[in-house]
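> turn this into a structure:
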Amino acid sequence: MEVFYRYDIGNEDIPKTSKEILSNRKFSEAGKEFFQRLVDTTFTNLNNIDAVIETTLQHWTLARLAGIDRAIIRIAVCELMYLTDVPPKVVINEAVEIAKKFGAEESPRFINGVLDAIYKKTANSK
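The predicted structure follows:
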């Protein structure tokens, strides 16, 4: 989430930010691999991820979302659409828990609703 928040808000370089986070935090080898795969896959598919989010938002635009919420949703949508080794309910629950910690008071409920709608939409299209 931090990588995409910093990219979105401060236009920070994704590879540089990823490297910094990996060197400053303790990750297992599997954790490092998953982190890098998630960042790379999200960035590679960001336009498609954003399009899916935009078509799901009701009465909102992606640009209107708080930066933290946007970053959380982008990462979770990437997991739902491209990294299917994590069960969708786990992805959504983790996103909601992150929103509780870093988002505004209404963020967890909003993010849950958006991700649930995206999950239902993508599950039906497979």
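> only C-alpha atoms for contact and neighbour calcs from this point on.
Fine.
> element containing the residue nearest the centre of the chain, please.
Note on the chain: the residue nearest the mean C-alpha position is residue 75, at 1.7 Å, using CA atoms, centre = their mean. Using DSSP states H and E, residue 75 sits within helix 67-81.
> excluding chain neighbours, what is closest to residue 57?
residue 114 (6.8 Å; CA to CA, 6 or more residues apart in numbering).
> send me the helix or strand hosting that neighbour as PDB with only the CA atoms.
Per DSSP H and E: residue 114 is located in helix 107-124. The C-alpha coordinates for helix 107-124 follow below in PDB (Å, rounded to 0.1, in the frame of the first residue of the first chain):
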ATOM      1  CA  SER A 107     -12.900   3.800   4.800                       C
ATOM      2  CA  PRO A 108     -13.300   0.200   6.000                       C
ATOM      3  CA  ARG A 109     -16.900   0.100   5.100                       C
ATOM      4  CA  PHE A 110     -16.500   1.900   1.800                       C
ATOM      5  CA  ILE A 111     -13.500  -0.300   0.700                       C
ATOM      6  CA  ASN A 112     -15.400  -3.400   1.700                       C
ATOM      7  CA  GLY A 113     -18.300  -2.400  -0.500                       C
ATOM      8  CA  VAL A 114     -16.200  -1.500  -3.500                       C
ATOM      9  CA  LEU A 115     -14.100  -4.700  -3.300                       C
ATOM     10  CA  ASP A 116     -17.100  -6.900  -2.800                       C
ATOM     11  CA  ALA A 117     -18.700  -5.400  -5.900                       C
ATOM     12  CA  ILE A 118     -15.500  -5.900  -7.900                       C
ATOM     13  CA  TYR A 119     -15.100  -9.500  -6.600                       C
ATOM     14  CA  LYS A 120     -18.700 -10.300  -7.700                       C
ATOM     15  CA  LYS A 121     -18.200  -8.700 -11.000                       C
ATOM     16  CA  THR A 122     -14.900 -10.400 -11.800                       C
ATOM     17  CA  ALA A 123     -16.100 -13.800 -10.400                       C
ATOM     18  CA  ASN A 124     -19.100 -13.700 -12.700                       C
END
